[in-house]
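**Q** Build the 3D model from these lines:
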Amino acid sequence: MVQTVGQPRIQNPSYIVNRSGVYYYSRRVPLDLRGQFGKKRIMVSLKTKSRDRALASAMVLSEKIESFWNGLRLEAILSTQLPKKVIKGHSPSINFLDALDIYLRLKGVGKGDNFIRTARRNITELVCYLGNRDISEVSSADAGGFRDHLFDKGLSSSSVKRCFASVRAITRLAITEQGLGIANPFAGIFIPADANKKKRPPIPNDVIQEIQAQCVHINDENRWLIALISDTGLRLSEALGLATADFYLDGPSPYVTVKEHPWRSLKTSSSVRDVPLVGASLWAAQRIVATGNPFAFPRYTSGNACISNSASAALNKWLKPRVPDGCVIHSFRHSLRDRLRAVECPSEMADAIGGWASAGIGKSYGQGFNLVTKHKWLKAMVESGTSIKIEVMNRL
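**A** Sure thing, here's the model as predicted:
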């Protein structure tokens with residue numbers, strides 16, 4: 001008998017089932033693809049009896065399957081399009097999918113899977129709404145309609161802006177490369193802010209200390225990840241993509257280097273930095289290095305990719321009953337900023353620690369802050385009573 005694990009599928013679409021102690025990935029094939037796919041359901045053994053490992057594997061498998069299904073849908077769309085010819089004296093024709101190919105060929109070199117997947121997803125959404133149109137035939141009114149379509153789907157203003165930034169970059173490159181001599185229809189489209197957007201709250205100091213104490217007590221890979229983020233303010237993807245060799249624990253100012261790896265890119269150029277390790281982050285780093293694994297978090301990272309979605313889901317599920325409403329793993333990063341303000345850390349120093357881009361030309365002058373100075377401020381933050389103390393960790 002097949003037993004579904006966890007919440008009903010509509011609330012937790014992990015698609016895992018348990019058969020005699022072994023987890024399987026089980027998912028229906030969408031109606032529109034059954035003819036092409038040749039079956040009604042996918043059933044694959046995940047070859048594990050661990051629910052956590054099954055969830056992580058299912059997340060990766062879902063992304064690959066959905067990408068494959070979207071490819072089939074795009075092929076179906078293409079098959080309905082008549083071939084366009086270049087007419088003498090007119091601009092050459094280039095459609096959205098052609099523009100995507102150009103973009104990935106020129107801009108996708110050396111980029112991670114997430115970059116390619118994001119570009120494909122946004123163009124797929126555009127093609128599903130407008131069809132695989134020639135860019136020269138698209139008007140700003142069409143682009144405005146696409147914006148409204150995204151809002152109607154329930155996307156937030158920030159999500160719509162990210163989608164438009166991707167589509168705009170893809171079409172801009174195609175226009176330039178093909179010499180179309182037209183304005184980009186996706187440039188200058190107004191995207192209103194969310195009417196009642198709530199600011200994500202930071203995690204209170206006493207809650208941070210309690211979470212850190214529980215992390216020390218449980219002492220496993222996910223808790224090391226939370227502890228590392230809690231006193232460094234690293235973004236989740238930054239922490240997940242660390243190699244063990246990125247930790248430098250010898251010397252008076254232990255630190256971790258945040259840099260790009262083949263399996264994980266960084267959000268901005270200012271994200272490249274050295275971050276001192278203090279408090280719970282130092283405790284976590286010591287345990288990560290002691291494993292001897294080349295990756296800091298091998299459950300979510302390999303030489304090819306860094307799976308942040310499954311990590312975010314697992315960590316936020318554990319944090320939810322332990323933090324105030326609205327707080328998630330990223331809230332530690334918001335809290336770090338407030339904790340540094342509380343010890344009167346200069347704003348430019350806080351930017352350097354957190355990898356936030358600073359305003360002004362002067363930020364690019366000089367070599368920046370050294371480790372000793374950064375360490376002084378993070379140590380002051382920890383010693384101000386906002387983090388669990390090292391001696392407490394050693395007793396737990």
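
**Q** Tell me how many other residues surround residue 286.
**A** When neighbours are defined as other CB atoms under 10 Å, residue 286 has 15 of them. Bear in mind the C-beta positions are built from the backbone N, C-alpha and C, glycine included.

**Q** count of residues packed around the closest residue to it other than its chain neighbours?
**A** Nearest residue to residue 286 in three dimensions, chain neighbours excluded: residue 249, at 6.5 Å (CB to CB, 6 or more residues apart in numbering). Neighbours of residue 249 under the rule other CB under 10 Å: 14.

**Q** Need phi/psi at residue 249.
**A** Main-chain dihedrals, residue 249, degrees, to the nearest 10: phi -100, psi -10.

**Q** Would you mind giving me the confidence score for it?
**A** Residue 249 carries a pLDDT value of 95.

**Q** show me what contacts it?
**A** Applying CB atoms under 8 Å, 6 or more residues apart in numbering to residue 249 gives the contacts 277, 282, 285, 286, 289.

**Q** between these, which has the most around it?
**A** In the contacts of residue 249, the most neighbours by other CB under 10 Å go to residue 285, 25 neighbours.

**Q** helices or strands up against the host helix or strand of that one?
**A** If you go by DSSP states H and E, residue 285 is part of helix 279-290. Judged by 3 or more CB pairs under 8 Å, 6 or more residues apart in numbering; DSSP states H and E, the packing partners of helix 279-290 are helix 205-218, helix 221-230, strand 247-248, helix 390-395.

**Q** can you rerun that using 6 Å?
**A** When contacts are defined as 3 or more CB pairs under 6 Å, 6 or more residues apart in numbering; DSSP states H and E, helix 279-290 sits against helix 221-230.

**Q** got the CA coordinates for the helix it packs on in CSV?
**A** C-alpha atoms of helix 221-230 as CSV (Å, rounded to 0.1, in the frame of the first residue of the first chain):
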residue,chain,number,x,y,z
GLU,A,221,24.6,19.9,9.4
ASN,A,222,21.4,22.0,9.2
ARG,A,223,22.1,23.5,12.6
TRP,A,224,25.7,24.3,11.6
LEU,A,225,24.3,26.2,8.7
ILE,A,226,21.9,28.2,10.8
ALA,A,227,24.6,29.0,13.4
LEU,A,228,27.0,30.1,10.7
ILE,A,229,24.5,32.5,9.2
SER,A,230,23.3,33.8,12.6
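
**Q** Now it: average pLDDT?
**A** The model assigns helix 221-230 a mean pLDDT of 96.

**Q** Determine the set of other helices and strands touching it.
**A** helix 205-218, helix 279-290.

**Q** picking up where we left off before, I'd like to check what contacts the helix holding residue 285. Which residues are they?
**A** Residues from elsewhere that reach helix 279-290 (CB atoms under 6 Å, 6 or more residues apart in numbering): 212, 224, 227-228, 230-232, 244, 247, 254, 277, 296, 382, 387-388, 393.

**Q** of all the helices and strands packed on helix 221-230, which lies closest to residue 93?
**A** Smallest distance to residue 93 across the helices and strands packed on helix 221-230 (CB to CB): 53.2 Å, for helix 279-290.

**Q** Please report the distance of residue 55 from residue 23.
**A** Taking CB to CB, to the nearest Å as the measure, residue 55 falls 9 Å from residue 23.

**Q** Tell me where the stretch 1-150 of the chain has strands.
**A** Using DSSP state E, counting those that start in this stretch, the strands found in the stretch 1-150 of the chain span residues 3-4, 16-19, 22-28, 41-45.

**Q** looking at these, which is closest to residue 163?
**A** strand 22-28 (25.7 Å).

**Q** List the neighbouring strands of the closest one plus their orientation.
**A** strand 16-19 (antiparallel), strand 41-45 (antiparallel) (DSSP bridges).
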